[in-house]
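[1] with the input below, show me the fold.
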Amino acid sequence: MSCLAWNCCGLGNLRTGKELVEIVRAKDPAVVFLVETRTDDARLEFVQSSIGFDHRWVVPRVGRNGGLVHYWRASVNLKVEGSDRYYIDAVIKNSENEWRLTGFFGEPDTARRHEARSKLRNLNSHPEKPWLCFGDFNEIIRQDEKLGSARRPHYQMQQFREVIDECGFMDLGFEGSKFTWSKHFENGSSIWERLDRCLVTNSWFMKFAGSRVFHLTCTSSDHVPILISLLGLSPPVRKKIFHFEQMWLSDSSCEEVVYSVWGSGSGLGDGGNILRKVERCGKELGHWEKNVFGNVRMELNRLKKVLANEERAAMISGNNFQVRQIKKDIEVLQDREATMWAQCSRVLWANQGDKNSKYFHCCATKRFWKNAMEGIRDEEGVWRTTQEEVGEIMVNYYKTLFSSTEGSVLGSMLECVPTVIDEEMNAALCKEFEACEVISALQQ
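    Have a look, this model is predicted:
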């Protein structure tokens with residue numbers, strides 16, 4: 001499923017309507033939110049028929065300006081909860097999820113922009129529902145979101161940032177052009193700004209962690225359309241790489257496994273022996289995790305079910321010993337899970353704090369998606385996606401990069417280089433290292 005938002009700057013323009021049809025055919029969104037339609041209901045109905053959508057919700061224009069419209073297909077279970085000149089707020093339901101979709105339009109007039117911000121604050125009334133809010137907010141967050149003309153006053157950006165924080169939003173980012181609005185003047189100067197964006201709450205991001213925002217292109221409006229592709233996080237199938245988990249240290253038997261591996265064999269041994277012990281230690285710890293330590297999440301879910309049964313039994317028997325013991329076990333596992341997510345998120349400054357928060361989950365999930373590699377182009381520019389092909393391309397690249405090639409050095413060039421190392425010094429430098437020299441170097 002995908003959603004499209006666009007400040008079309010007037011649907012009365014036939015060229016704009018035609019471009020909208022082309023965008024919808026190419027991207028096939030299930031929901032379309034249009035800002036500044038500047039037209040009447042008859043024209044909006046004609047546009048609905050042109051793009052082949054089944055339903056619409058209209059906020060009429062005021063005079064010759066403004067106007068919002070939501071189009072959606074019959075396959076989407078969408079119910080509009082409320083609307084205003086600044087927004088259309090809806091709820092989307094399916095068999096697995098229920099979440100809010102709000103199309104928003106920020107006030108163009110700087111003096112009245114606080115009115116739109118107040119409306120956005122008022123919409124933050126159901127924090128328990130995952131929430132996506134997208135559209136033209138008519139404001140930037142940082143100075144680097146604007147290019148050209150005067151700098152944006154700090155207080156304006158700060159007020160917008162405060163609203164985002166109050167609503168618990170995070171910016172989904174984007175792919176494509178950095179700016180979504182532009183204005184070009186006859187003297188050759190231009191202004192570019194990122195006014196259109198997609199904001200989501202943590203709970204929404206956890207449900208659709210693989211979602212992406214694309215800045216599209218257009219010619220009939222000074223705003224570009226933004227397309228939000230809703231996807232769950234579907235990691236590529238690959239062999240699990242061994243990672244030492246900090247939470248293992250909470251179990252004393254982990255130390256015993258490490259000691260047993262490193263205590264076997266003869267001393268430190270040579271470099272090859274050390275590498276073999278590292279590899280064996282990883283295998284033994286993996287076996288220990290599977291058979292002794294256990295899967296933390298699965299064990300937590302199992303204990304929570306057992307706890308519910310034991311609580312019902314305690315109500316009848318009057319003995320809560322098992323209930324208290326299971327709760328202690330759950331607390332231990334929750335601490336382990338919190339340590340695991342903190343390690344995955346790499347938020348090193350949060351040392352043993354903010355246990356198992358959504359912040360850690362979002363950091364870890366966003367980092368995974370950012371680091372995921374879908375494919376790579378080979379030397380001929382062909383896109384390769386399978387794990388074997390990607391691996392082969394990367395290995396060949398570094399083999400070529402670090403391979404030596406025979407070069408030719410002209411004798412006349414060497415004659416220009418002064419001789420500093422004589423034969424005696426060169427012989428001393430090229431001779432084999434002695435044991436006493438290695439010991440001396442290590443003790444420095």
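[2] return the set of buried residues in stretch 72-89.
    Neighbour counts over stretch 72-89 (16 or more other C-beta atoms under 10 Å) mark 72-73, 76, 78, 83-89 as buried. Heads up, the C-betas are built off the backbone N, CA and C, glycines and all.
[3] mean confidence for that stretch?
    Stretch 72-89 carries an average pLDDT of 93.
[4] show me the contacts for Phe134.
    Residues in contact with Phe134 (C-beta atoms under 8 Å, 6 or more residues apart in numbering) are 3, 5, 33, 102-104, 196-199, 226, 228.
[5] cool, and Val47?
    Residues counted as contacts of Val47 (C-beta under 8 Å, 6+ apart) are 11, 17, 20, 71.
[6] all strands for the stretch 151-300 of the chain, in order.
    Applying DSSP state E, counting those that start in this stretch to the stretch 151-300 of the chain gives strands spanning 169-171, 181-184, 190-193, 196-201, 212-215, 226-229.
[7] which one of those strands lies nearest to Thr386?
    Checking the strands of the stretch 151-300 of the chain against Thr386 by C-beta to C-beta gives strand 212-215 as the closest, at 21.9 Å.
[8] touching the closest one from outside, list them.
    Applying C-beta under 8 Å, 6+ apart, the contact partners of strand 212-215 are 172-177, 180, 197-198, 224, 226-229, 231.
[9] need the helices for the stretch 101-250 of the chain, in chain order.
    All helices of the stretch 101-250 of the chain, identified by DSSP state H, counting those that start in this stretch, fall at 113-123, 154-166, 202-207.
[10] what's the closest of the ones you listed to Asp422?
    Nearest to Asp422, of the helices of the stretch 101-250 of the chain and by C-beta to C-beta, is helix 154-166 at 66.9 Å.
[11] buried stuff in that closest one?
    Neighbour counts over helix 154-166 (16+ other C-beta under 10 Å) mark 157, 160, 163-164 as buried.
[12] then stretch 93-107?
    99-107.
[13] distance to Gly263 for those - can I get that in TSV?
    Formatted as TSV, the buried residues of stretch 93-107 follow (distance: C-beta to C-beta, whole Å):
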residue	distance to Gly263
Trp99	54
Arg100	58
Leu101	60
Thr102	61
Gly103	65
Phe104	63
Phe105	68
Gly106	66
Glu107	71
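[14] low pLDDT regions in the stretch 51-200 of the chain?
    Along the stretch 51-200 of the chain, the parts satisfying pLDDT under 70 run over 126-127.
[15] mind running it again at 80?
    Residues of the stretch 51-200 of the chain that meet the criterion pLDDT under 80 lie in 94-97, 125-128.
[16] let me know the secondary structure of the residue in the chain sticking out farthest from the centre.
    Going by C-alpha atoms, centre = their mean, the residue of the chain most distant from its centre is Glu424, 61.0 Å out. Of the three states, Glu424 takes helix under DSSP: H, G, I helix; E, B strand; the rest coil.
[17] so how far is Cys430 from it?
    With the distance defined as C-beta to C-beta, to the nearest Å, Glu424 ends up 11 Å from Cys430.
[18] residue contacts, Tyr86?
    With C-beta under 8 Å, 6+ apart, Tyr86 has these contacts: 104-107, 115-116, 119-120.
[19] of all these, which two lie farthest apart?
    Greatest spatial distance among those (C-beta to C-beta): Phe104 and Glu115, at 12.6 Å.
[20] thinking again about what came up before, for Ser252, find the nearest of the strands of the stretch 151-300 of the chain.
    The closest of these to Ser252 is strand 169-171. By C-beta to C-beta, the value is 39.4 Å.
[21] report all helices and strands that the closest one contacts.
    With contacts defined as 3 or more C-beta pairs under 8 Å, 6 or more residues apart in numbering; DSSP states H and E, strand 169-171 has these neighbours: strand 196-201.
[22] what distance separates the strand it packs on from the centre of its chain?
    Here the centre of strand 196-201 is set off from its chain's centre by 13 Å, with C-alpha atoms, centre = their mean, to the nearest Å.
[23] neighbouring strands for that strand, and are they parallel or not?
    With DSSP bridges as the test, strand 196-201 is paired with strand 131-136 (antiparallel), strand 169-171 (antiparallel).
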